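A.B. asks: I need the structure of the sequence given here:
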Amino acid sequence: MKKFVINGGKRLNGEVEVSTSKNAILPILAASILADKKDVILECVPSITDVERMLLIIESIGGKVDFNNGVACINSENISSFEVLGENPSKFRASYYMIGSLLGRFKKAKVALPGGCPIGERPIDQHIKGFKALGATVELTSEYIYVEAKELIGTNIFFDVVSVGATINIMLAAVFADGVTTLENVAKEPHVVDVANFLNTMGANIKGAGTDVIRISGIKKLSGCMYQAIPDQIEAGTYMIAAAAIGEEVTITNVIPKHLEPVTAKLLEIGIEVIENGESITVKGAKTALKPIKIQTLQYPGFPTDLQQPMGALLSLVEGTSTISERVYENRFLYLTQLEKMGVKYAIEGRDASITGTKSLNPAVLIATDLRAGASLIIAGLCANGTSEVLDIDHVDRGYYKFDEKLKKLGADITRLEV
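C.D. replies: Got it, this is the predicted structure:
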């Protein structure tokens, strides 16, 4: 087991560069198997655990992968298997994007049910609805999902709820469908748009990504290409929140400020100075007492659920009571039981939590229950008066590239240890 040991109280200062978006690069990797003989070359790919797992999956079905110095070169010419089974795909959620890609390529797919962070139910009913609408039959067991179609036919699909995963998965399956597929009530997240842009770069005909309606005109083949995915808005937001909590002046580079507007708005509301500078954002630590606020997580362009937990760490330092309404996942408050060890008072009622802040956090031994909870606890540890430990940091390594090293460059006293 790995852990972080954090000596808190060190002010953050300087510049930090954001890596490529985890939420974009994983479905893009899955989409790469739709290419013909020409290689797909992806630049600035972060060597995080989930990326490495996705590359192993591609290799397991016959793909050729070369991953060095942030460049992933994928050749799909010899992919012959439509089955992604075993332990590896069950370890992370994004493995389910292989269903759409394999269905598009082979007209059938058999994929182990995905795992991921324990943040609540994340059903795949909207994925199944979309696959069936395209003409596929679906078999769902406790271990895998099997989809098969004699042919995929374009159709109109209205999602009952907005789902990032379903929006992307049906796009992947529909690129080779006969006719036009229209998706309504779709997710608008930046990484949904990025996946569509990647597919279009390979030769797909997708219009409307980023709006309520996406139209996919089916084509016969896709070609390899060179592509660089967007910066990680969640990583950028995490550094913004950390800077607000214990920073002097931190500049976050390689960002798209438009993607971060919900975070910027809440930091301004709480009393933090945020300055946008083209492709960077500077956050200055508060010079006056911060104000309690209300946050409600929603699909983009609302406040992102993946930054709810880091924001909870910041709110634990704000005198008064702040409230968080979690409207995306029903089980994303587990981290508050860990913050309680540091002196934070909270109350949970359904999907709403109230946090009563304290002037200072006590050091403690903390357990990262999931990826973003881990980031939250690291921020809290940076702010505590003394030495804290964050255990189970494998969760953190799934989504943050060199998180501890980047924090060190900003002045944090954080050490990674093997236990």
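
A.B. asks: just checking, what packs against the helix or strand containing Leu336?
C.D. replies: Per DSSP states H and E: Leu336 is located in helix 335-339. The contact analysis (3 or more Cβ pairs under 8 Å, 6 or more residues apart in numbering; DSSP states H and E) places helix 335-339 against helix 308-315, strand 345-349, helix 371-383. All C-beta spots, glycine's among them, are computed from the backbone N, C-alpha and C.

A.B. asks: Just give me how far the shortest one sits from the chain centre.
C.D. replies: For strand 345-349, the distance from its own C-alpha centre to the chain's C-alpha centre is 26 Å (Cα atoms, centre = their mean, to the nearest Å).

A.B. asks: returning to what we had before: same list, the helices and strands packed on helix 335-339, but as a markdown table with mean pLDDT and mean neighbour count please.
C.D. replies: As requested, the helices and strands packed on helix 335-339 are exported to a markdown table (pLDDT from 0 to 100; neighbours: other Cβ atoms under 10 Å):
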| stretch | mean pLDDT | mean neighbour count |
| --- | --- | --- |
| helix 308-315 | 98 | 29 |
| strand 345-349 | 97 | 13 |
| helix 371-383 | 97 | 29 |
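
A.B. asks: List just the one of these that sits closest to Ile281.
C.D. replies: With Cβ to Cβ, the closest approach to Ile281 among these belongs to helix 308-315: 15.2 Å.

A.B. asks: Just name whatever secondary elements the helix or strand that that closest one is followed by is in contact with.
C.D. replies: Per DSSP H and E, the first helix or strand lying C-terminal to helix 308-315 is strand 321-325. With contacts taken as 3+ Cβ pairs under 8 Å, 6+ apart, strand 321-325 sits against strand 294-296, helix 308-315, strand 352-356.

A.B. asks: Could you rerun that using 10 Å?
C.D. replies: strand 294-296, helix 308-315, strand 345-349, strand 352-356 (3 or more Cβ pairs under 10 Å, 6 or more residues apart in numbering; DSSP states H and E).

A.B. asks: Now do the longest one against strand 345-349, angle only.
C.D. replies: Computed with axes from the mean of the first three to the mean of the last three Cα atoms, to 10 degrees, the direction of helix 308-315 lies at 140 degrees from that of strand 345-349.

A.B. asks: Let me know the angle separating helix 308-315 from strand 321-325.
C.D. replies: Using the same axes, to 10 degrees: helix 308-315 against strand 321-325 is 180 degrees.

A.B. asks: Might you calculate how far helix 308-315 sits from the centre of the chain?
C.D. replies: Its chain's C-alpha centre and that of helix 308-315 lie 17 Å apart, by Cα atoms, centre = their mean.

A.B. asks: and what of the last one?
C.D. replies: Using Cα atoms, centre = their mean, the mean C-alpha position of strand 352-356 is found 24 Å from that of the whole chain.

A.B. asks: What residues sit buried inside it?
C.D. replies: 353-356 (16 or more other Cβ atoms under 10 Å).

A.B. asks: just the first one next, same as before
C.D. replies: Neighbour counts over strand 294-296 (16+ other Cβ under 10 Å) mark Ile295 as buried.
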